[in-house]
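A.B. asks: need a structure here:
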Amino acid sequence: MPYPETPVTRTVYFGDRVRGLPWSFTVKGRAYVRDRLGGRWEISGEDAFDLLELKRTLHVRGRACARQAPEECVGPPRQPRGSPFPDRTQEVYELLTLLGEGLPDRDKEKRRTGRIRLAEILELLHDPDGRPGARRRNPGQGPLPEPIRGLLVEHLSRAPGLRWEPIVGTEYARKHFVDPGPKGAATFRATLDERIAYYSFQPERACATPDKNAGRFVGLAVGPEEAARLEVKVSRTGAPAELVDAVDRLVGEFLLFPVPSKKYRALSLRGRHLIERAVLVNEVPAVVLEARLPERGWSLRDGSAPADLVRFLAGGGPFRLLGEEPVLVEDHASEVVGSRGSLYLRIARDEVLLEAPPEVETAREATVLVAPAAPVVRLPVESHLDFLSVLPVEFERTRSLYRRSSGFLVAAAKSRRVFLVSLAQVKCGEDPGSGEKYVGVRYVGRVPPTRKIGRLRRVKKDLLRLCQHLGEWKSGSSAELE
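C.D. replies: Residues are numbered from 1 along each chain as shown. The predicted model follows:
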């Protein structure tokens with residue numbers, strides 16, 4: 001399906017600077033254009049998008065039925081051979097098709113083209129209208145149709161106080177492949193995204209409440225994608241059996257495992273960019289120093305735990321949040337891990353790593369890990385043949401992991417040493433109940449000026465003090481931010 005007039009796709013993901021992007025719920029605006037950006041992406045309230053999409057991902061383990069409760073599904077579970085994760089179904093509502101029914105239509109031209117301005121998107125997100133069929137505050141807007149209103153209200157009720165704004169963006173060239181199927185309904189869809197660029201947004205001029213201007217946001221380039229992304233979607237109920245089997249066979253033959261989506265890749269690059277912008281001096285460049293505390297009943301699903309953590313860290317004491325206001329630092333990684341003798345194996349994105357194990361120290365405050373900063377072996381992966389060159393080596397206890405962490409930069413008041421305090425969650429394989437949760441504290445550097453490096457003992461002392469301070473925090477005190 002060629003689109004020669006608009007070969008470039010730009011996508012903006014909306015969320016909250018403290019809570020991040022909603023868990024399993026995506027709000028994104030898309031624009032289809034001819035030319036690419038030059039490394040800086042500026043948007044304001046009057047900038048329009050071709051499509052606003054709300055998408056909720058539902059995990060249905062061992063089922064192939066979409067939009068049904070598990071007890072309504074019949075038949076044996078069907079999993080792709082070699083797939084480490086369960087099936088996922090998605091509910092997608094495209095507001096473009098509902099523009100004439102409920103979204104702003106100031107004139108017939110906008111209504112016909114279906115474009116929606118940033119200011120209108122933010123107003124919709126901040127006020128989805130709590131009454132079915134009720135008219136919105138602006139007389140020029142009609143009632144928000146179901147199920148859009150219900151989907152928004154359902155999510156926002158679980159995460160009160162969200163301050164919606166652009167968080168990250170992507171730009172890429174996309175090629176579409178579709179099999180229309182025997183009755184015209186698409187049963188197979190593939191997209192190939194190339195030359196992907198990621199952007200992190202920050203407000204240049206933000207307003208306290210959404211209005212027709214909606215402030216101004218600047219997106220800075222935070223990194224390109226090292227490779228193209230091929231995404232395949234197959235209807236397991238409508239597609240020919242040989243097509244479904246072919247996709248399953250490819251998953252096994254090429255040893256495919258899930259990687260974070262463009263949304264989560266963008267958030268990880270944004271987190272790395274936020275740390276780099278702090279301009280810190282690493283006193284112990286030869287090692288990675290971190291500590292882990294047991295979790296205390298928090299959850300990352302609705303964003304309340306990061307908000308609680310911010311309130312605790314802003315309450316004073318020997319440690320404080322770095323910067324004028326807190327900004328969430330996220331990291332997402334999907335890996336295959338194992339071991340070979342005394343070395344650890346990690347297959348992460350486009351490289352295979354062999355690493356020496358960390359030194360583990362058990363202290364009263366937390367478990368401390370000191371690991372070499374550089375791997376023993378780093379093998380770039382450019383094709384499937386590179387994987388085949390590694391596979392003949394025997395590895396033990398190979399498994400797949402998905403790591404997710406959300407946290408903030410925290411500085412010691414006296415020493416000015418900075419640590420990343422994160423709420424981390426690790427899921428192992430296909431079992432959603434497996435894995436672990438913990439509070440991670442990682443040393444990232446010191447606010448200059450500093451004259452000496454190699455002070456591991458002093459850095460570790462500050463690390464344990466911060467762990468002791470965090471031992472007083474318990475999530476659930478309040479989910480609201482002042």
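
A.B. asks: just the strands from the stretch 201-350 of the chain, written as ranges.
C.D. replies: Remark: strands assigned in the stretch 201-350 of the chain by DSSP state E, counting those that start in this stretch are 216-224, 229-234, 287-294, 319-321, 329-340, 343-348.

A.B. asks: the longest one vs strand 343-348, what angle?
C.D. replies: When axes from the mean of the first three to the mean of the last three CA atoms, to 10 degrees is applied, the directions of strand 329-340 and strand 343-348 differ by 130 degrees.

A.B. asks: what residues sit buried inside strand 329-340?
C.D. replies: For strand 329-340, the neighbour count (16 or more other CB atoms under 10 Å) marks 329, 330, 331, 332, 333, 334, 335, 336, 337 as buried. Using the backbone N, CA and C atoms, a C-beta is placed for each residue, glycine as well.

A.B. asks: return the item of these having minimum pLDDT.
C.D. replies: Least confident entry in the buried residues of strand 329-340, by pLDDT: residue 336, with 84.

A.B. asks: any idea what that one is bridged to?
C.D. replies: residue 347, residue 400 (DSSP bridges).

A.B. asks: before we move on, what about residue 51?
C.D. replies: Assigned bridge partners for residue 51, using DSSP bridges, are residue 30.

A.B. asks: just how off-centre is stretch 22-33 within its chain?
C.D. replies: Relative to the centre of its chain, stretch 22-33 is centred 12 Å away, using CA atoms, centre = their mean, to the nearest Å.

A.B. asks: okay, it in PDB with CA atoms only?
C.D. replies: Extracted C-alpha coordinates of stretch 22-33, given in PDB (Å, rounded to 0.1, in the frame of the first residue of the first chain):
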ATOM      1  CA  PRO A  22      -0.100   5.100  31.000                       C
ATOM      2  CA  TRP A  23       0.500   1.400  31.500                       C
ATOM      3  CA  SER A  24      -1.000  -0.700  28.700                       C
ATOM      4  CA  PHE A  25      -2.900   2.400  27.500                       C
ATOM      5  CA  THR A  26      -1.600   4.500  24.700                       C
ATOM      6  CA  VAL A  27      -2.700   7.900  23.600                       C
ATOM      7  CA  LYS A  28      -0.900   9.100  20.500                       C
ATOM      8  CA  GLY A  29      -1.400  11.600  17.700                       C
ATOM      9  CA  ARG A  30      -0.200  10.900  14.200                       C
ATOM     10  CA  ALA A  31       0.700  13.100  11.200                       C
ATOM     11  CA  TYR A  32       1.500  12.000   7.700                       C
ATOM     12  CA  VAL A  33       3.900  14.300   5.900                       C
END
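
A.B. asks: residues making contact with that stretch?
C.D. replies: Stretch 22-33 is contacted from outside by 3, 6, 8-15, 48-59, 116, 118, 121, 125, 155, 159, 162, 164, 263, 300-303, using CB atoms under 8 Å, 6 or more residues apart in numbering.

A.B. asks: what's the PyMOL line that selects buried ones from these?
C.D. replies: The PyMOL command for the buried members of the contacts of stretch 22-33 (criterion: 16+ other CB under 10 Å) is given here:
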select buried, resi 8+9+10+11+12+13+14+15+48+49+50+51+52+53+54+55+56+116+118+121+125+155+159+162+164+263+300+302+303
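
A.B. asks: out of the contacts of stretch 22-33, which are inside helices?
C.D. replies: With helices defined by DSSP state H, the entries of the contacts of stretch 22-33 inside them are 118, 121, 125, 155, 263.

A.B. asks: picking that back up, compare the strands of the stretch 201-350 of the chain and give me the one nearest residue 40.
C.D. replies: Residue 40 sits nearest to strand 216-224 of all the strands of the stretch 201-350 of the chain, at 6.7 Å, using CB to CB.

A.B. asks: by contact count, what packs against that closest one?
C.D. replies: strand 40-44, strand 165-179, strand 188-205, helix 262-277 (3 or more CB pairs under 8 Å, 6 or more residues apart in numbering; DSSP states H and E).

A.B. asks: what are the buried residues along that strand?
C.D. replies: Within strand 216-224, the residues that count as buried by 16+ other CB under 10 Å are 216, 217, 218, 219, 221, 222, 223.

A.B. asks: could the residues you listed go into JSON lines alongside distance to residue 288 and pLDDT?
C.D. replies: Shown next, in JSON lines, are the buried residues of strand 216-224 (distance: CB to CB, whole Å; pLDDT from 0 to 100):
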{"residue": "216", "distance to residue 288": "38", "pLDDT": "89"}
{"residue": "217", "distance to residue 288": "33", "pLDDT": "94"}
{"residue": "218", "distance to residue 288": "32", "pLDDT": "94"}
{"residue": "219", "distance to residue 288": "30", "pLDDT": "96"}
{"residue": "221", "distance to residue 288": "26", "pLDDT": "96"}
{"residue": "222", "distance to residue 288": "22", "pLDDT": "96"}
{"residue": "223", "distance to residue 288": "21", "pLDDT": "92"}
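
A.B. asks: what sits against the closest residue to residue 370 other than its chain neighbours?
C.D. replies: Using CB to CB, 6 or more residues apart in numbering and skipping the chain neighbours, the partner closest in space to residue 370 is residue 359 (4.5 Å). Residues near residue 359 by CB under 8 Å, 6+ apart: 369, 370, 371.

A.B. asks: I'd say the first one and residue 357 touch.
C.D. replies: Translated: residue 369. No. Assessed by CB atoms under 8 Å, residue 369 is found out of contact with residue 357, at 9.4 Å.

A.B. asks: neighbours around the closest residue to residue 442 other than its chain neighbours, how many?
C.D. replies: Residue nearest to residue 442 in three dimensions, not counting chain neighbours: residue 290, with 4.1 Å by CB to CB, 6+ apart. Around residue 290 there are 22 other residues, counting by other CB atoms under 10 Å.
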